Structure formats: C-alpha cells, structure tokens
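S.K.: quick one: sequence and predicted model below, then my questions.
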Amino acid sequence: MMPTTTEDRTTVTATSSSHGALGPGPGRGLLFGVPAALAALALGACGTPAGNQTAAPASGPTPFAWFRPGPAPAGWQPLALPDTTAVLAIPPDAAPVPGDPGSVSATVTAPDGDLQIYLNATPQQGDESLANWPEFRLAHLRGENAASARRLQYRAGMGFRGGTGSCVEDTYVTRIGAHKYREIACLVAGTRGSSVLVVATPADSWDRFSPVLQQAVDAYAPE
C-alpha cells in the first residue's frame with residue numbers, strides 16, 4: 001500500500017512520510033506508536049458536550065472555497081455509520097480501523113507504519129449545533145487531548161449531499177509530546193440525524209495531504 005499524495009488526489013505513489021503518528025519523535029519518528037495516535041485522534045473525533053458557545057464568521061475570502069459536494073472519486077470505499085445517518089468515503093489507500101461503537105474510522109499510513117491521514121465519522125452525541133459548532137469543537141479539543149487549539153477558518157450553511165453542515169479548520173497541539181495536527185471538522189445534519197466528520201493530518205503534512213482531506217469532505221453524504 002502506497003501513501004496518497006497531492007499530485008494525484010485519487011491515486012497513490014511511492015513516497016513516504018517522515019512524520020510520526022503524533023509528530024516527530026525518537027527512533028522511527030514516533031514518540032509512541034500508531035495505536036496511541038489513533039487513541040488521541042479518536043478523543044478529538046467524538047462529539048461529547050463541551051459548552052454551548054457561538055462564534056461569528058470571519059471576514060475576508062470565502063472560507064472553504066474549494067468545497068464542491070459530489071460523489072467520491074472512482075475507487076474510493078464507502079463506510080456507512082451504523083445508525084445510517086451518513087456515509088464516509090475513504091481513498092483507495094486507506095484502511096478501516098476500529099473505533100468507538102457507532103463510529104467509523106480509517107487511516108492512511110506510510111510503508112513504515114507512520115500515520116499520515118485519519119478519517120472519522122461519529123453520530124452527534126452532545127450539545128453541538130450548526131450555530132455553535134466552531135467554538136464547541138475547539139472547546140472539545142482543549143477538554144480532551146489538546147494543550148492548545150486555534151481556529152483557522154469556518155463556514156456555516158454548507159450544502160452537503162443530502163444535508164447541511166458547519167465546518168471548522170483548526171490546528172491543535174497535543175498535551176502528550178506537543179505534536180501538532182491540522183484538521184477539518186464538520187457537524188452535518190441530514191434527514192436521519194446529525195453526525196460529526198473529522199479528517200486530519202500532521203500539521204507539517206498539510207500541503208501534501210489536504211487535497212485528499214478536502215475530497216473526503218466533498219464526498220461526505222448525510223442521509
């Protein structure tokens with residue numbers, strides 16, 4: 001299995017990442033292994049209550065201007081949430097991994113096992129709403145596994161296939177190891193309920209993997 005690159009957002013090439021599961025560390029580039037990284041990312045993916053705060057949109061260029069909802073590229077695999085509220089699409093080089101009950105997750109890893117991309121969908125579980133989502137998300141990160149979290153952009157009223165969503169792009173630094181991630185996290189409401197989509201990569205891999213993360217957001221389908 002080869003890692004996805006930004007040269008072709010739907011295919012794979014023979015390059016590897018020098019970034020570990022939670023950023024640079026000793027030995028093979030990991031402070032600790034991929035299972036621990038997945039645990040940290042899974043904490044960030046769930047939708048437990050973290051306060052009911054609101055935020056106003058930032059001025060300037062349209063956030064998430066790349067957003068073009070549509071079917072997943074050829075070769076991508078659908079992962080349906082067990083409660084049938086949404087379908088997560090994952091690229092051909094991603095592998096499903098175990099997660100919390102009721103959620104679906106997948107990762108893309110380098111040939112040496114280093115974690116490159118994390119994708120997760122989880123049914124709504126807390127007090128998050130389309131109106132309070134940006135501040136809720138950052139508060140949730142800070143309350144779980146992040147020493148700090150910073151919003152980069154967000155957008156409300158995004159027309160997903162079959163529903164409406166609010167998305168935030170942010171960076172956060174883990175409490176353990178001070179490793180930095182960058183993610184897109186969306187709360188998406190469909191006819192059967194709401195769900196949370198999280199796609200993430202090490203922050204210094206963003207330029208390389210963000211096109212793949214964006215495609216996963218484009219293809220996310222609430223039901």
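M.R.: Perfect, thanks for sending it. Residues are numbered from 1 along each chain as shown.
S.K.: for the spatially closest residue to R142 that is not a sequence neighbour, pull up the helix or strand it's in.
M.R.: What sits nearest to R142 in space, not counting adjacent residues and going by CB to CB, 6 or more residues apart in numbering, is A149, at 5.4 Å. C-beta: built from backbone N, CA, C; applies to glycine. In the assignment (DSSP states H and E), A149 maps to strand 146-160.
S.K.: which secondary structure elements does that strand contact?
M.R.: Counting contacts by 3 or more CB pairs under 8 Å, 6 or more residues apart in numbering; DSSP states H and E, strand 146-160 packs against helix 133-144, strand 163-174, strand 180-190.
S.K.: most tightly surrounded among these?
M.R.: Across those, averaging neighbours per residue (mean count of other CB atoms under 10 Å) puts strand 180-190 on top, at a mean of 24.
S.K.: quick one on the thing from earlier: quick check: bridge partners of the residue nearest to R142?
M.R.: In this entry, A149 is beta-bridged to Y172, by DSSP bridges.
S.K.: what about it, neighbour count?
M.R.: 21 (other CB atoms under 10 Å).
S.K.: list the buried residues of the host helix or strand of V212.
M.R.: Using DSSP H and E, V212 maps to helix 206-219. Residues 206, 208-219 are the ones in helix 206-219 that count as buried (16 or more other CB atoms under 10 Å).
S.K.: tell me who's in contact with the residue most central in space within the chain.
M.R.: For the chain, V199 is the residue whose C-alpha lies nearest the centre (CA atoms, centre = their mean; 1.5 Å). Shown in contact with V199 (CB atoms under 8 Å, 6 or more residues apart in numbering): 117-120, 183-185, 213, 216-217.
S.K.: of those, which is the nearest to V168?
M.R.: Nearest to V168 among those: A185, at 5.5 Å, using CB to CB.
S.K.: just to revisit the earlier point, what's the angle from the helix holding V212 to strand 180-190?
M.R.: 10 degrees (axes from the mean of the first three to the mean of the last three CA atoms, to 10 degrees).
S.K.: which strands and helices sit next to helix 206-219?
M.R.: Secondary-structure packing of helix 206-219 (3+ CB pairs under 8 Å, 6+ apart): strand 86-90, strand 115-123, strand 180-190, strand 193-202.
S.K.: tell me which of these lies nearest to F136.
M.R.: Shortest distance between F136 and the helices and strands packed on helix 206-219, using CB to CB, is found for strand 180-190: 8.1 Å.
S.K.: what about the closest one, distance to the chain center?
M.R.: For strand 180-190, the distance from its own C-alpha centre to the chain's C-alpha centre is 5 Å (CA atoms, centre = their mean, to the nearest Å).
S.K.: any idea of the mean pLDDT for that strand?
M.R.: The average pLDDT within strand 180-190 is 97.
S.K.: partners of that strand in the sheet?
M.R.: In the sheet, strand 180-190 lines up against strand 163-174 (antiparallel), strand 193-202 (antiparallel) (DSSP bridges).
S.K.: thinking again about what came up before, quick check: the residue nearest to R142 touching Y172?
M.R.: Yes. Between A149 and Y172 a contact is recorded at 3.9 Å, counting by CB atoms under 8 Å.
S.K.: list the buried residues of stretch 77-90.
M.R.: Residues of stretch 77-90 classed as buried under the neighbour-count rule (16+ other CB under 10 Å) are 79, 81, 85-90.
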